[in-house]
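Sequence plus the predicted model coming up.
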There are 2 protein chains.
Amino acid sequence: MLERIRFVLCQTTHPGNIGAAARALKTMGLSRLMLVNPRHFPHEQATAMASGADDLLEQAVVCQSLSQALAGTTWVVGLTARFRDLSHPMASVREVVRQLPQQTGDGDIAFVFGTEMSGLSNAELDCCHYLAHIPTVEDFSSLNLAAAVQVVAYELRSGLLPVEVSAREYPLATHEEVEGFYGQLEEALLGSGFLDAKNPGRMMIRLRRLFSRSRLEKNEVNILRGMIRAFVEPYPPAGSEKGKP
Amino acid sequence: MLERIRFVLCQTTHPGNIGAAARALKTMGLSRLMLVNPRHFPHEQATAMASGADDLLEQAVVCQSLSQALAGTTWVVGLTARFRDLSHPMASVREVVRQLPQQTGDGDIAFVFGTEMSGLSNAELDCCHYLAHIPTVEDFSSLNLAAAVQVVAYELRSGLLPVEVSAREYPLATHEEVEGFYGQLEEALLGSGFLDAKNPGRMMIRLRRLFSRSRLEKNEVNILRGMIRAFVEPYPPAGSEKGKP
């Protein structure tokens, strides 16, 4: 579905924003950028801000009108920072993305962004089926254009692609490995006199809670057990082997 | 909770990114910006990109070290674009924000961002309890610094504040108002011969579905009913009153 999505920037004033938008799209696996009457394009500031997303700039389609940019779309979402005096249905970007699979039909989907200073004109809004807003504080609601593109692209990727599972680098210790460590620790603490066998109190519980919160890894359990062993049976001092037979 | 959150930018190279980050924070109701050894600050590019968030730049705290910036925090999250060779727990920004209320203790919370070119150093990572990543495509995973700040700030606001209900500008029509319209429409279509009373087919069902999808407003129902009335009993042609007694 990401391939069916176009980002349409209308009358963009600052070419740096076009470049930054291209970078934002590329990070999220989106690639279709349409520019309706950009003030300056191509432009060195666009290329500089694209920062490796030059391919998207090269493929960007420059259009003479919004209608031209929307040809072939079946679902058009306009981005707006404020409630507009129009009866468009409106929702947060997240909600719009959630509804996307049901709403869009078979054609392309467009997200339309107005000019930096004033957003979408009424004529541009008339081409939209739906309005999306990025929730903000009330009295400072205007994101930078490229920042808004980044948030929408991020929501599209997060909402439409299956969530990646964050793998941990190292395997976690099993229950019995951690219990083995606790047993060794308790024995060592009793042996050292730190714990009183007749009156152990809640010390082990507190220690268990501490380590439990950190979700110990296999390797870390080995390190901790090695440490305890070394406390209980200190290594012979360096050089002490020398004198022995 | 938003007031307890600090955004810490380490060794930022481009002052424009500091300004854009300030603007991003302000849109989301966040205000605490800490700068660890910024290359240029204050700077006119920072002010230009802040675009109304000058107050955040004025309040920004410049620090000599990350430790100084983290004093008073109980939970530190580092932003990273890639899996690191360290045993930090790691999750998506959205997941990190979801866990925030359980994890943070009573102190401040910091989100730490590395330098533009290479991200967080190992020494900086050592100060973090947790790593967060913004899900991206694999081979182009580096967001612009200010864009990353925008996404994290957006997730914090979306995740920690109750969802705002998007109010519609105009009141929706009630069931009976819409049914009144359908009744009038059907009668008019029968009267006009468009509908055959003996063989109406599924025309009304199709029309109902069409209007139902648009979720009619009170005002729109009045407009539609006025239109039908005008079709059935056309207004007298302009000037026709003149000749009447």
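Alright, I've got the coordinates.

quick one: A:Leu33 from A:Ala22, how far?
Per C-beta to C-beta, to the nearest Å, A:Leu33 is found 6 Å from A:Ala22. In this view, the C-beta of every residue, glycine as well, is placed from N, C-alpha and C.

ditto for A:Tyr235
Taken as C-beta to C-beta, the span from A:Tyr235 to A:Ala22 is 60 Å.

Low-confidence bits of chain A, can you list those?
A:83-87, A:163-170, A:237-245 (pLDDT under 70).

Kindly recompute the last result at 80.
Along chain A, the parts satisfying pLDDT under 80 run over A:82-89, A:102-106, A:162-172, A:175, A:200-202, A:209-210, A:212-215, A:230-231, A:234-245.

which stretches of chain A form helices?
A:15-27, A:44-50, A:54-59, A:66-70, A:93-103, A:122-125, A:145-160, A:175-192, A:203-214, A:218-232 (DSSP state H).

most packed of those helices?
helix A:15-27 (a mean of 27; mean count of other C-beta atoms under 10 Å in any protein chain shown).

Now find how far off-centre it is within its chain.
Averaging C-alpha positions (C-alpha atoms, centre = their mean, to the nearest Å) puts helix A:15-27 17 Å from its chain's average.

How about that helix and chain B, touching?
Yes: counting by C-beta under 8 Å from any C-beta of the partner chain, chain B has neighbours in helix A:15-27: A:Ala20, A:Arg23, A:Ala24, A:Lys26, A:Thr27.

what's the spacing between the residue nearest the centre of chain A and B:Gly119?
What sits nearest the mean C-alpha location of chain A, by C-alpha atoms, centre = their mean, is A:Tyr154, with 6.9 Å. Distance of A:Tyr154 to B:Gly119, given as C-beta to C-beta: 18 Å.

what's the answer for A:Asp196, then?
49 Å.

wait, isn't A:His88 in contact with A:Ala132?
No: A:His88 is beyond contact range of A:Ala132, at 10.0 Å (criterion: C-beta atoms under 8 Å).

Find the residues that touch each one of those two.
The contact sets of A:His88 and A:Ala132 overlap at A:Gly78 (C-beta atoms under 8 Å, 6 or more residues apart in numbering or on different chains).

who's more crowded, the two?
The residue with more neighbours, out of A:His88 and A:Ala132, is A:Ala132; 24 against 18, by other C-beta atoms under 10 Å in any protein chain shown.

list the contacts for that one?
Neighbour list for A:Ala132: A:Val77, A:Gly78, A:Leu79, A:Thr80, A:Met90, A:Ala91, A:Ser92, A:Val93, A:Val96, A:Phe111, A:Val152 [criterion: C-beta under 8 Å, 6+ apart].

repeat for A:His133
A:Leu79, A:Thr80, A:Ala81, A:Arg82, A:Phe83, A:Met90, A:Ala91, A:Ser92, A:Val93, B:Ser166.

if we can go back for a sec, kindly reformat the helices of chain A as TSV containing distance to B:Pro15.
Shown next, in TSV, are the helices of chain A (distance: least, C-beta to C-beta, whole Å):
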stretch	distance to B:Pro15
helix A:15-27	14
helix A:44-50	15
helix A:54-59	24
helix A:66-70	34
helix A:93-103	29
helix A:122-125	34
helix A:145-160	17
helix A:175-192	49
helix A:203-214	39
helix A:218-232	42
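
and B:Glu138, which of these is closest to it?
Closest approach to B:Glu138 among those (C-beta to C-beta): helix A:15-27, 10.6 Å.

quick one: that closest one to helix B:145-160, angle?
Counting by axes from the mean of the first three to the mean of the last three C-alpha atoms, to 10 degrees, helix A:15-27 lies at 60 degrees to helix B:145-160.

Alpha carbons only: can I get helix A:15-27 in CSV?
Provided in CSV are the C-alpha atoms of helix A:15-27 (Å, rounded to 0.1, in the frame of the first residue of the first chain):
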residue,chain,number,x,y,z
PRO,A,15,13.3,24.5,-1.6
GLY,A,16,15.0,23.2,1.6
ASN,A,17,11.6,22.0,2.7
ILE,A,18,11.2,20.0,-0.5
GLY,A,19,14.6,18.3,0.1
ALA,A,20,13.9,17.6,3.8
ALA,A,21,10.5,16.2,2.8
ALA,A,22,12.2,13.8,0.3
ARG,A,23,14.5,12.6,3.0
ALA,A,24,11.6,12.1,5.4
LEU,A,25,9.7,10.1,2.9
LYS,A,26,12.7,7.9,2.0
THR,A,27,13.3,7.0,5.6
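
Quick check: the gap between the closest residue to A:Arg23 other than its chain neighbours and B:His14.
Spatial nearest neighbour of A:Arg23, excluding adjacent residues (C-beta to C-beta, 6 or more residues apart in numbering or on different chains): A:Ala53 at 4.4 Å. A:Ala53 sits 17 Å away from B:His14, going by C-beta to C-beta.

neighbour count winner among the two?
Between A:Ala53 and B:His14, A:Ala53 has the larger neighbour count (other C-beta under 10 Å), namely 23 against 20.

My guess is the more buried one contacts A:Met28. True?
No: contact criterion C-beta under 8 Å: A:Ala53 and A:Met28 do not qualify, at 11.0 Å.

Touching both of those two, which residues are there?
Common neighbours of A:Ala53 and A:Met28 (criterion: C-beta under 8 Å, 6+ apart): none identified.

Excluding chain neighbours, what is closest to A:Val221?
Nearest one to A:Val221, counting by C-beta to C-beta, 6+ apart, is A:Ala173 at 4.4 Å.

pretty sure the residue nearest to the centre of chain A contacts B:Val151?
Yes: contact criterion C-beta under 8 Å: A:Tyr154 and B:Val151 qualify, at 5.3 Å.

overlap in contacts of these two?
What both A:Tyr154 and B:Val151 touch, as defined by C-beta under 8 Å, 6+ apart, is the set B:Ile134.

and stretch A:65-78, how far apart are its ends?
One end of stretch A:65-78 to the other measures 15 Å (C-alpha to C-alpha, to the nearest Å).

From the chain's centre, how far out is it? Work that out for me.
On C-alpha atoms, centre = their mean, the centre of stretch A:65-78 falls 28 Å from that of its chain.

Briefly note if it comes near chain B.
No: Stretch A:65-78 is not in contact with chain B by C-beta under 8 Å from any C-beta; minimum separation 13.1 Å.

quick revisit: list just the nearest of the contacts of A:His133 to A:Arg206.
The nearest one, if we look at the contacts of A:His133 relative to A:Arg206 and count by C-beta to C-beta, is A:Ser92, at 44.0 Å.

how far away is the residue nearest to the closest one when sequence neighbours are not counted from B:Gly29?
Nearest residue to A:Ser92, sequence neighbours excluded (C-beta to C-beta, 6+ apart): A:Pro135, at 5.6 Å. Counting by C-beta to C-beta, the gap from A:Pro135 to B:Gly29 is 10 Å.

Repeat that for A:Thr80.
Taking C-beta to C-beta, one finds A:Thr80 at 19 Å from B:Gly29.

Of all the helices of chain A, which one is nearest B:Leu189?
Proximity to B:Leu189, assessed across those by C-beta to C-beta, is greatest for helix A:93-103 (29.1 Å).

Can you verify my assumption that A:Gly72 contacts A:Gly105?
No: assessed by C-beta under 8 Å, A:Gly72 is found out of contact with A:Gly105, at 11.2 Å.

Surely A:Leu207 touches A:Leu185?
Yes: contact criterion C-beta under 8 Å: A:Leu207 and A:Leu185 qualify, at 6.8 Å.
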